[in-house]
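Fold the following for me, if possible:
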Amino acid sequence: MAYNKKNCSLGKCGCDFGAKIFGSCNTSQILLDAKKPETLNWTEISVPEILKVPDKKPDIEHIDQVHAKAEITSVKLIETPYHFNSVTYDLAKLDADGKPVFDTAGNVVALETDVLFYLSPLKAIPNAEGTCLTGRKLIVEGNLIQKIVYTADVAVQSVHSAHYEIPFSAFIIPYTKVEGNPVSYTVIDPKDPKKTIVITGYRADELVIDLCEDFCVDAFIEDIYITAMDCRTIFKNVTLFLRAKPTPQCGTL
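Okay, the predicted model is just below:
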């Protein structure tokens with residue numbers, strides 16, 4: 001009797017009797033606070049798989065259960081390009097007392113011209129792709145460890161299990177963090193060259209991205225979809241929520 005997805009009364013492989021899912025997480029319990037950037041480093045990925053029943057196992061009649069967990073094996077922080085809010089000023093020349101120096105026309109003398117500053121606090125700006133790059137990227141690698149329990153397409157309808165371990169890789173863009181603290185600069189007021197203003201921020205040639213911060217990554221399984229494509233082939237898709245936190249905060253939702 002041929003497999004017919006629309007006629008499960010045939011009792012042949014691929015019929016969906018509602019497999020029980022073990023390992024998914026209620027992500028509504030995860031706390032994301034817009035006022036705390038350290039809680040907002042996350043991404044979602046889908047891990048599609050086509051799995052073959054091991055040769056020594058019998059054919060599938062229907063899938064009973066899926067057990068899954070995500071295990072993080074590697075987290076690596078790397079440097080990437082960045083695009084922060086910026087502004088160009090003329091840096092004012094100051095005397096020994098820290099006061100502006102004026103020329104004969106009464107204008108403030110420029111120490112340097114066209115100095116690019118990143119203002120504090122730093123704010124990432126989306127690139128052409130719409131991604132806010134911060135100069136840092138977490139490369140996350142892990143494994144999906146899974147067990148699929150199914151009823152065999154044999155007269156005694158015996159129950160069997162098949163075990164799979166599937167690797168995955170993803171990246172998370174963490175919040176902006178640079179080495180050192182912002183400092184104040186006296187610059188020429190672009191609206192009036194006879195005046196100066198003080199800005200707080202980073203000179204472009206002095207900005208250094210912090211690549212020494214340690215993160216841990218929590219992996220939450222949001223959803224598992226599974227179906228038999230034929231009597232020996234399974235399609236399964238796992239939706240993962242990955243959230244990175246500085247190491248002192250590890251273990252908290």
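
what's around K76, how many residues?
11 (other C-beta atoms under 10 Å). Any C-beta I mention is one placed from the backbone N, CA and C, and that applies to glycine too.

Which positions in the longest strand seen in the chain come out as buried?
In the chain, taking DSSP state E as the definition, the longest strand is strand 60-82. Neighbour-count burial for strand 60-82, counted by 16 or more other C-beta atoms under 10 Å, picks out 60-64, 66-68, 70, 72, 75, 77, 82.

okay, it in CSV with CA atoms only?
Taking C-alpha atoms only, strand 60-82 is exported to CSV below (Å, rounded to 0.1, in the frame of the first residue of the first chain):
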residue,chain,number,x,y,z
ILE,A,60,8.9,4.5,10.5
GLU,A,61,5.1,4.1,10.9
HIS,A,62,4.7,7.3,12.9
ILE,A,63,6.8,9.6,15.1
ASP,A,64,6.0,9.5,18.8
GLN,A,65,8.4,11.8,20.6
VAL,A,66,11.3,14.2,20.1
HIS,A,67,13.8,15.0,22.8
ALA,A,68,16.2,17.8,22.2
LYS,A,69,18.7,20.1,23.9
ALA,A,70,21.1,22.8,22.6
GLU,A,71,24.6,22.7,23.9
ILE,A,72,27.0,25.7,23.3
THR,A,73,30.6,24.5,22.6
SER,A,74,32.4,27.7,21.6
VAL,A,75,31.9,31.5,22.0
LYS,A,76,34.5,33.8,20.3
LEU,A,77,34.5,37.6,20.3
ILE,A,78,35.9,39.2,17.1
GLU,A,79,36.3,42.7,15.8
THR,A,80,34.1,44.0,12.9
PRO,A,81,33.6,47.3,11.1
TYR,A,82,31.5,49.8,13.0
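
Give the burial count for K236, as a bare number.
Number of residues near K236 (other C-beta under 10 Å) recorded here: 23.

Any idea what it is bridged to?
Beta-bridge partners of K236, counted by DSSP bridges, are E49, I226.

Show me what the longest strand of the chain is packed up against.
strand 20-22, strand 134-152, strand 215-230, strand 233-246 (3 or more C-beta pairs under 8 Å, 6 or more residues apart in numbering; DSSP states H and E).

Quick one: mean pLDDT over the first one.
What strand 20-22 shows for mean pLDDT is 82.

Give the pairing partners of that strand; include direction for each.
As defined by DSSP bridges, the strand partners of strand 20-22 come to strand 60-82 (parallel).

mean confidence for the partner strand?
Averaging pLDDT along strand 60-82 yields 95.

The spatially most central residue of the chain and L32, how far apart?
Nearest to the mean C-alpha position of the chain, counting by C-alpha atoms, centre = their mean, stands I172 at 2.4 Å. Between I172 and L32 the distance, using C-beta to C-beta, to the nearest Å, works out to 13 Å.
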